[in-house]
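Enquirer: here is my input; please provide its structure:
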Amino acid sequence: MTGTRLNVDEAQAFLDANPAVQWIDAFMFDMNGIARGKRIRRPDLLGVAKRGLMMPRSVFIMDPFGNCVEETGRLWETGDPDACCHLLSGTLSPIPVGDGRRGQAVVVTDVRNELDPRTVLANQLDRFTRAGRTPVAAVELEFYVTKRNATGKFRLETPDGVADDPERPLTFGFDDMEALSPFIDDIFRVCEAQRIPVDAVIQESGPAQFEINLKHRPDAMAAALDGLLLKRAVKAAARAHQLDATFMAKPHHEWAGSGMHVHLCLLDQSGQNVFAGDPISPLFRHALGGLCETMADFMAVWAQSANAYRRYVPKAYVSMAAQWGFNNRTVALRVPLGDGASTRVEHRIAGADANPYLVIASMLAGMSHGFAHELDPGPAIEGHSDTVEAPQLPTAWVNALDLFQNSEIVRGAFGDRFQHVFSRLKQTELNNFERIVTPLDHLWYAQGA
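Expert: Model prediction:
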């Protein structure tokens, strides 16, 4: 597991190699997958590398706006103590875009707190390490590129040079990539500087919607961090071109949603893929059985926002049931073409706004459940999955949260405190969201009231 702390020698070597860097953003990722941290000066880096830096533990009870959620019971009752964050080796890197005058860099921190999503994933990985198995994972992310609004408020407006006709054939084309090629070039520049292992970029079906694939890593912690850092790389490149980018799961009701697909397999101590078989191994069937049986329990992780549930609509390549199949994109758990070393599952449920640490941790927890009970997933789905009867997923946020907060499987995997805090955090977010009167209320109800 990636967790080695950055030492003074590594920090000094970075400063020597990057004399233009004057500011370093040191951050962790909260439950929402949002970076929270501090911006430190160049002269202070060596001291922070020695001692770490302090952050309030309330960083893990924040909603997407950065408000601490009292309903978690972890604010006033605890005195909001500090936690020491240590810098992670291999994550200190420059941001090589923009006009170059700001001279910025980034570094990820390790908190090792029971409410830290990184710690939740670490605990799952420890279980697999003790069993002599190594998860190999890769993340794929979809996102939209938009014009930057002068007011700073987000508005879904297609960039210049890109047609916003949802009926125009786009998927796997090149027109939008050509129109935005300088921006895409800068994404790959940032990723190269930050050692984010990007693979292909794909034009998706929405206007200025893209998918970027990341390469597989035999370190699931690093693979999850790749996904989180890719989001920041995309946004940094967008800012450099006076654009914006969003990983909202469903930014427009007429256009395709944006998902996070996670590929995962397991290696044994000799480096062999234990999912390989004819066509798959019995152990892989147990893993798929566990993933199917626990999928509803972890739905609040796959879809962590009110907007994320708008993505679950028919005929949108987003399954609403716990199903699996070979080379079938209509199911939740796809086994792609390939054999031997490439045998793996592609988990297709999560929205692009989900937290990769928690998504992969939930997948591993589901697999562990399947191994422990030798579960079988049933027959593979052929054809359109909507036509086959299967256990339905909770596609209303309130139902997903109810399952999550009462699940013994979640409690055993994530611990009592994380389960309680995450549930209260998201239930409060749901309550606040539902209290807001929107223009849609006026459009649909004002005239007839």
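Enquirer: how about the helices of the stretch 251-400 of the chain, start to end?
Expert: Using DSSP state H, counting those that start in this stretch, the helices found in the stretch 251-400 of the chain span residues 282-294, 299-302, 356-373, 397-406.
Enquirer: rounded mean pLDDT for the shortest one, please.
Expert: The pLDDT scores in helix 299-302 average 98.
Enquirer: quick one: the strands in this protein, in order.
Expert: For the chain, the strands identified by DSSP state E occupy 23-29, 35-41, 53-56, 82-87, 93-94, 104-110, 134-147, 198-203, 209-214, 243-246, 260-267, 324-326, 333-335, 345-347, in order along the chain.
Enquirer: including mean neighbour count, could those go into JSON lines?
Expert: Where you see a C-beta, it was placed from the backbone N, CA and C, and this is true even at glycine. Formatted as JSON lines, the strands of the chain follow (neighbours: other CB atoms under 10 Å):
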{"stretch": "strand 23-29", "mean neighbour count": "23"}
{"stretch": "strand 35-41", "mean neighbour count": "15"}
{"stretch": "strand 53-56", "mean neighbour count": "17"}
{"stretch": "strand 82-87", "mean neighbour count": "19"}
{"stretch": "strand 93-94", "mean neighbour count": "20"}
{"stretch": "strand 104-110", "mean neighbour count": "23"}
{"stretch": "strand 134-147", "mean neighbour count": "23"}
{"stretch": "strand 198-203", "mean neighbour count": "14"}
{"stretch": "strand 209-214", "mean neighbour count": "22"}
{"stretch": "strand 243-246", "mean neighbour count": "20"}
{"stretch": "strand 260-267", "mean neighbour count": "23"}
{"stretch": "strand 324-326", "mean neighbour count": "20"}
{"stretch": "strand 333-335", "mean neighbour count": "23"}
{"stretch": "strand 345-347", "mean neighbour count": "22"}
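Enquirer: just send these back as a markdown table, with mean pLDDT too.
Expert: Rendered in a markdown table, the data for the strands of the chain read as follows (pLDDT from 0 to 100):
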| stretch | mean pLDDT |
| --- | --- |
| strand 23-29 | 96 |
| strand 35-41 | 96 |
| strand 53-56 | 94 |
| strand 82-87 | 94 |
| strand 93-94 | 95 |
| strand 104-110 | 95 |
| strand 134-147 | 96 |
| strand 198-203 | 94 |
| strand 209-214 | 96 |
| strand 243-246 | 95 |
| strand 260-267 | 98 |
| strand 324-326 | 95 |
| strand 333-335 | 97 |
| strand 345-347 | 98 |
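Enquirer: now distance to Gln405 too, for the ones you listed, in a markdown table please.
Expert: As requested, these are arranged in a markdown table below (distance: least, CB to CB, whole Å):
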| stretch | distance to Gln405 |
| --- | --- |
| strand 23-29 | 22 |
| strand 35-41 | 24 |
| strand 53-56 | 25 |
| strand 82-87 | 24 |
| strand 93-94 | 38 |
| strand 104-110 | 27 |
| strand 134-147 | 26 |
| strand 198-203 | 36 |
| strand 209-214 | 31 |
| strand 243-246 | 28 |
| strand 260-267 | 23 |
| strand 324-326 | 26 |
| strand 333-335 | 24 |
| strand 345-347 | 22 |
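Enquirer: looking at those, which is nearest to Leu440?
Expert: When those are compared for distance to Leu440 using CB to CB, the nearest one is strand 243-246, at 19.5 Å.
Enquirer: quick revisit: out of the strands of the chain, which is closest to Pro279?
Expert: Among the strands of the chain, the nearest to Pro279 by CB to CB is strand 324-326 (7.1 Å).
Enquirer: from the contact counts, what lies against the closest one?
Expert: The contact analysis (3 or more CB pairs under 8 Å, 6 or more residues apart in numbering; DSSP states H and E) places strand 324-326 against helix 282-294, strand 333-335.
Enquirer: switch the cut-off to 7 Å
Expert: Strand 324-326 is packed against strand 333-335, with contacts defined by 3 or more CB pairs under 7 Å, 6 or more residues apart in numbering; DSSP states H and E.
Enquirer: residues contacting Met62?
Expert: 30, 68 (CB atoms under 7 Å, 6 or more residues apart in numbering).
Enquirer: beta partners for it?
Expert: In this structure, Met62 bridges to Cys68 when assessed by DSSP bridges.
Enquirer: so what's the gap between stretch 400-416 and the chain middle?
Expert: Mean C-alpha position of stretch 400-416 versus that of the full chain (CA atoms, centre = their mean, to the nearest Å) differs by 19 Å.
Enquirer: got the buried residues for it?
Expert: Buried residues in stretch 400-416, defined by neighbour count with 16 or more other CB atoms under 10 Å: 400-401, 403-405, 407, 409-411, 413-415.
Enquirer: distance between the ends of that stretch?
Expert: Using CA to CA, to the nearest Å, the end-to-end distance of stretch 400-416 comes to 17 Å.
Enquirer: cool, stretch 330-347 as well?
Expert: First-to-last residue span, stretch 330-347, CA to CA: 11 Å.
Enquirer: stretch 410-421 now?
Expert: Stretch 410-421 has its terminal residues 13 Å apart, counting by CA to CA.
Enquirer: do the same with stretch 307-320
Expert: By CA to CA, the extent of stretch 307-320 from end to end equals 16 Å.
Enquirer: now that stretch: buried residues?
Expert: Neighbour-count burial for stretch 307-320 flags 307-312, 318-320 (criterion: 16+ other CB under 10 Å).
Enquirer: Pro251: which of these is nearest?
Expert: Distance ranking of the buried residues of stretch 307-320 against Pro251, using CB to CB, places Asn307 first at 7.9 Å.
Enquirer: surely that closest one touches Ala249?
Expert: Yes. Counting by CB atoms under 7 Å, Asn307 does reach Ala249; the two are 5.6 Å apart.
Enquirer: where are the low-confidence patches of this structure?
Expert: Across the chain, the ranges flagged by pLDDT under 70 are 1-2, 99-102, 166-169, 449.
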